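> Any chance you can model this:
(4 chains)
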Amino acid sequence: MQAKQLSDFISVQEANFSQAEEYLALCAGNRQDGAIVSFVGLVRDINSQHRVQKLTLEHYPAMTEKSLKKIVTEARSLWPISRVRLIHRVGALQASEQIVFVGVSSRHRGHAFQACEFIMDQLKTRAPFWKKEQDDKDEHWVQANQQDQQKARQWLLKPEDLSMFM
Amino acid sequence: MQAKQLSDFISVQEANFSQAEEYLALCAGNRQDGAIVSFVGLVRDINSQHRVQKLTLEHYPAMTEKSLKKIVTEARSLWPISRVRLIHRVGALQASEQIVFVGVSSRHRGHAFQACEFIMDQLKTRAPFWKKEQDDKDEHWVQANQQDQQKARQWLLKPEDLSMFM
Amino acid sequence: MIEVLFFAQLREQMGHEKLALQNAFADLGALRQYLMAQHREWQDYLSPAHSLAAVNQCLVDDNHPLHAGDEVAFFPPVTGG
Amino acid sequence: MIEVLFFAQLREQMGHEKLALQNAFADLGALRQYLMAQHREWQDYLSPAHSLAAVNQCLVDDNHPLHAGDEVAFFPPVTGG
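Sure thing, here's the model as predicted:
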């Protein structure tokens, strides 16, 4: 693996992002990697049976980037991945808007899939973002869900399953 | 889940594809899904220590699309996913070119990640494509690798692990 | 001095965005107990079951030692992504 | 009649892209054995360890029954993606 290919791009921003540009940044001049996996999270129209009108994302600025860097560093310690790009938006968002992008390049697809999903699962439980939803009834803070906690823990609890991909 | 959102796009083609357009086709007018996972496979510069100059992809035309449809149908039976787009190129390709695209949208990210990786793992062992590589030494058929066989089998062997995501 | 920050729903429930405490605390648990004792409702809001805590921007548990100058934050389970 | 196709490396090794056989075969295994008996090298090329087989464009194993008009294909383990 060539050291120069190991670069992280991490951004917390109000502005929207271009999935196409992020994909290009993962590929451009990248001749060693056979796999690019990317994830985009969108604001769903309907959450818990109510129609979401808008969403406000609050965060803890001093901690946000630090926690994202830590998660990406952990992913790098688990899998031989090359490029990582991670963008999370904050502020006011409408239904169907893009919230988060995670892209990973790697020689082998298994590593890219695992690292990308790991980063999302950890972000969901450890990065200091909070969603406030405005639906047709009221405005309320989104409650964390138990399944996200389980998904995040599962990466730590099953090293023997992880080793299969390494 | 709205039935109209359940659409498959499957294509076997010589022409290149636009990852950006494929992403848009997964998102456009899609207000129910919170997760878009996409995979792109690229021609690696170096395979088994030799520099790949070009690659020729042969296939079994009568069987190719049939086998891809079957794989996507199996993915739909395993996870509640919405849109699936699958493109595989054939013919002559250069290093760094795009070979394959798999994109999946879903309400929940776990389902989209699992279905996307499942489709790639099954495609790798069941879809009738064969790569012939021209490197700086000679031209030769790429040999199937044992790890791909294991990855494909693992989806069938561990229903108890799969159930976690369902 | 220890600076204590609150975020999201917890900020609204506490009615504070920030507190500056002059007291010394052995660890995060001691600070949490101190705050929980201030108001009946805080007992509930700040319980480990309902809130996470970070010291100097890292998630930690109640055993984490505290020093003067630390930035402590309490917040609800996160919901980004 | 049964049409037998060969792909990729196996097509090159066999020296044939296609064969048309008038014989009847109970199942894929019987056809495979018949072909393997034709040439010493085919014994190796067509062994289940080195080749996959499809009947009417579906991957099947040697127990799969054959009928007149079936399209049978032999090919090496696939390497797409």
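> which residue sits closest to C:Phe75 in space, ignoring its chain neighbours?
Closest residue to C:Phe75 apart from its sequence neighbours, by C-beta to C-beta, 6 or more residues apart in numbering or on different chains: C:Phe7 at 3.9 Å. Just so you know, the C-beta spots here come from the backbone N, C-alpha and C atoms, and that holds for glycine as well.
> Please disregard the earlier target; I meant C:Phe74.
C:Phe74's closest residue in space is C:Ser51 (C-beta to C-beta, 6+ apart), at 4.9 Å.
> What of C:Leu31?
C:Phe25 (4.2 Å).
> In this structure the one you found contacts C:Val4, no?
No - with contact defined as C-beta atoms under 8 Å, C:Phe25 does not reach C:Val4; the gap is 10.3 Å.
> Quick check: residues of chain A near chain B?
Neighbours of chain B within chain A, by C-beta under 8 Å from any C-beta of the partner chain: A:19-20, A:23, A:27, A:30-46, A:95-96, A:107, A:109-110, A:112-113, A:116-117, A:120, A:150-151, A:154, A:161, A:164.
> residue in chain C nearest to chain D?
Here chain C gets closest to chain D at one residue, C:Gly81, 28.5 Å apart by C-beta to the nearest C-beta.
> count of neighbours near that residue?
23 (other C-beta atoms under 10 Å in any protein chain shown).
> Could you look up the SS state of C:His67?
Taken by DSSP: H, G, I helix; E, B strand; the rest coil, the conformation at C:His67 corresponds to coil.
> From D:Asp62, how far off is it?
According to C-beta to C-beta, to the nearest Å, C:His67 stands 72 Å off from D:Asp62.
> neighbour-wise, which of these two wins?
Legend: neighbour count by other C-beta under 10 Å for C:His67 and D:Asp62, higher for D:Asp62 (13 against 10).
> Not counting sequence-adjacent ones, nearest residue to that one?
Take D:Asp62 and drop its neighbours on the chain: the residue closest to it by C-beta to C-beta, 6+ apart is D:Gly29, 3.3 Å away.
> And that neighbour, how far from B:Lys132?
Distance from D:Gly29 to B:Lys132, by C-beta to C-beta: 29 Å.
> Over to C:Gln43?
71 Å.
> is it true that the residue nearest to C:Leu31 lies in a strand?
No - C:Phe25: not assigned to a strand; according to three-state DSSP it is coil.
> Now do the contacts for it.
When contacts are counted by C-beta atoms under 8 Å, 6 or more residues apart in numbering or on different chains, C:Phe25 is found next to C:Ile2, C:Leu31, C:Tyr34, C:Leu66.
> Out of those, which comes closest to B:Val90?
C:Leu66 (63.4 Å; C-beta to C-beta).
> Got phi/psi on the residue of chain A found nearest chain D?
Closest approach between chain A and chain D, counting by C-beta to the nearest C-beta: A:Arg109, at 7.9 Å. Torsion angles at A:Arg109 (phi, psi; degrees, to the nearest 10) stand at phi -60, psi -40.
> surely it meets A:Val37?
Yes - in terms of C-beta under 8 Å, A:Arg109 counts as a neighbour of A:Val37; the distance is 7.1 Å.
> Who are the contact partners of A:Trp130?
Taking C-beta under 8 Å, 6+ apart as the test, what A:Trp130 contacts is A:57-59, A:141-142, C:7-9, C:75-76, C:78-80.
> Kindly recompute the last result at 10 Å.
A:Trp130 makes contact with A:56-60, A:90, A:141-142, A:144, C:7-11, C:75-80 under the criterion C-beta atoms under 10 Å, 6 or more residues apart in numbering or on different chains.
> Give me the buried subset of those residues.
By neighbour count, with 16 or more other C-beta atoms under 10 Å in any protein chain shown, the contacts of A:Trp130 hold A:57-60, A:90, A:141-142, A:144, C:7-11, C:75-80 as buried.
> Distance of the residue nearest to D:Asp62 relative to chain B?
Distance, D:Gly29 to chain B, using C-beta to the nearest C-beta, to the nearest Å: 20 Å.
> Also A:Glu133?
Computed as C-beta to the nearest C-beta, the A:Glu133 to chain B distance reads 13 Å.
> now the helix or strand encompassing that residue: how far from the chain's centre is it?
If you go by DSSP states H and E, A:Glu133 is part of strand A:129-135. Distance of strand A:129-135 from its chain centroid, counting by C-alpha atoms, centre = their mean, to the nearest Å, is 18 Å.
> pLDDT on that strand, on average?
Mean pLDDT, strand A:129-135: 95.
> Quick check: neighbours of the next helix-or-strand element following it in the sheet, parallel or antiparallel?
Tracing the chain past strand A:129-135, the next element assigned as helix or strand by DSSP H and E is strand A:139-141. Each strand paired with strand A:139-141, and its direction, by DSSP bridges: strand A:129-135 (antiparallel).
> What are the buried residues along the strand it pairs with?
Residues of strand A:129-135 classed as buried by neighbour count (16+ other C-beta under 10 Å): A:Phe129, A:Trp130, A:Lys131, A:Lys132, A:Glu133, A:Gln134, A:Asp135.
> Put the alpha carbons of it into CSV.
Written as CSV, here are the backbone C-alpha positions of strand A:129-135 (Å, rounded to 0.1, in the frame of the first residue of the first chain):
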residue,chain,number,x,y,z
PHE,A,129,-25.1,15.3,16.9
TRP,A,130,-28.8,15.6,17.9
LYS,A,131,-31.8,15.9,15.6
LYS,A,132,-34.9,18.0,16.4
GLU,A,133,-37.7,17.1,14.1
GLN,A,134,-40.6,19.3,13.0
ASP,A,135,-43.5,17.2,11.8
